[in-house]
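Peer 1: Here is a sequence with its predicted model. Questions after.
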Amino acid sequence: MTRLSVNINKIATIRNSRGGNIPNVVEAAINIEKFGAQGITVHPRPDGRHIRVPDVYALKKVITTEFNIEGNPTDSFIELVTNVIPEQVTLVPDAHDAITSNSGWDTVRNNSFLTSVVKEFKKNNIRVSIFVDPIEEMVEGAAKTGADRIELYTEPYASNYQNNREKAIEPYIRAAKKAIECNLGINAGHDLNLDNLKYFHDNIPGLLEVSIGHALISDALYMGLEKTIKAYLACLK
């Protein structure tokens, strides 16, 4: 079964909008695991607008499934991750002012940099995933860095799903097959939701993990967190 890792950034965003500690991101993570999710994802950004550095340390103490930290591998990010030692780190090429992730790495142009970063994390026994667009050349480039996995950037799939889902998923199938050839594990994330997740899951070979935040937390406003997580897990069976 493909694992569901829940990105809790949006919970932190709500908390930060008012100050204080409501909702409590640590309590939310504990409940998300209790309701069946197999991982927790966070993406701390330099401006601290959602998950903050103290949250990352606090979460590490309580997470019992898998902790995935996403982010742009700046010096401060590398220091944070190597101090916390999560099960997985996902490298994302975010600009400092990005609202949300909007593209994958050019793994060819950035090969030397990514190789050095991957080496640093793997020295600490942290599994490394590289965020990439569904382009076979970028998948091959990720493999050459020594990374363990790729995370396929799925916003283009989600945007085109309603118009032509077969066409929308074609590049992702090709990218997944290339990843398997390169001995890379396959993760995916961004704009996956209850409408498009099952079709993606059923058609992508070797899909190990999806990371979902915005849609899942939004659905929980209507359905409740426990029911929502079970609905997403059902899409992954």
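Peer 2: Cool, the structure landed.
Peer 1: Please make it C-alpha for all contacts and neighbour counts, starting now.
Peer 2: Will do.
Peer 1: which residue is nearest the centroid of the protein?
Peer 2: residue 211 (4.2 Å; CA atoms, centre = their mean).
Peer 1: In terms of secondary structure, what does the helix or strand where it lies contact?
Peer 2: Here residue 211 sits within strand 207-212, counting by DSSP states H and E. Applying 3 or more CA pairs under 8 Å, 6 or more residues apart in numbering; DSSP states H and E, one finds that strand 207-212 makes contact with strand 3-7, strand 185-189.
Peer 1: any idea which helix or strand comes after the first one?
Peer 2: Okay, so that is strand 3-7. Remark: after strand 3-7, the chain's next helix or strand is helix 9-18, criterion DSSP H and E.
Peer 1: Show residues contacting that following helix.
Peer 2: The contact list for helix 9-18, computed with CA atoms under 8 Å, 6 or more residues apart in numbering, reads 21-25, 28, 42-43, 49-51, 213-214, 217.
Peer 1: Restricted to helices, list the residues you listed.
Peer 2: In helices, defined here by DSSP state H, the members of the contacts of helix 9-18 are 25, 28, 214, 217.
Peer 1: Return the member of these nearest to residue 151.
Peer 2: Nearest to residue 151 out of those is residue 214 (CA to CA; 16.8 Å).
Peer 1: Where does the prediction get shaky in this protein?
Peer 2: The model of the chain has pLDDT under 70 over residues 95-102.
Peer 1: Pull out the buried members of the contacts of helix 9-18.
Peer 2: Neighbour counting with 16 or more other CA atoms under 10 Å marks 23, 25, 42, 43, 49, 50, 51, 213, 214, 217 as buried within these.
Peer 1: a markdown table for the residues you listed, including distance to residue 169?
Peer 2: Formatted as a markdown table, the buried ones among the contacts of helix 9-18 follow (distance: CA to CA, whole Å):
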| residue | distance to residue 169 |
| --- | --- |
| 23 | 36 |
| 25 | 33 |
| 42 | 26 |
| 43 | 26 |
| 49 | 32 |
| 50 | 31 |
| 51 | 31 |
| 213 | 21 |
| 214 | 21 |
| 217 | 24 |
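Peer 1: Residue 62: which of these is nearest?
Peer 2: Distances from residue 62 to the buried ones among the contacts of helix 9-18, taken by CA to CA, are shortest for residue 25, at 11.1 Å.
Peer 1: just checking, residue 148 touches residue 125?
Peer 2: No - in this structure residue 148 lies outside contact range of residue 125 using CA atoms under 8 Å: 11.2 Å.
Peer 1: When those two are compared, which one has more neighbours?
Peer 2: The neighbour count for residue 148 versus residue 125, taken as other CA atoms under 10 Å, is higher for residue 148 (19 against 14).
Peer 1: Distance check, that one against residue 173.
Peer 2: 19 Å (CA to CA, to the nearest Å).
Peer 1: Please list all residues in contact with residue 211.
Peer 2: 4, 5, 6, 7, 41, 187, 188, 189, 190.
Peer 1: how many other residues sit next to the second one?
Peer 2: Look at residue 5: counted by other CA under 10 Å, it has 24 neighbours.
Peer 1: wait, it sits on residue 210?
Peer 2: Yes - using CA under 8 Å, residue 5 is in contact with residue 210, at 6.1 Å.
Peer 1: give me every residue that touches residue 127.
Peer 2: Going by CA under 8 Å, 6+ apart, residue 127 touches 87, 88, 89, 121, 147, 148, 149.
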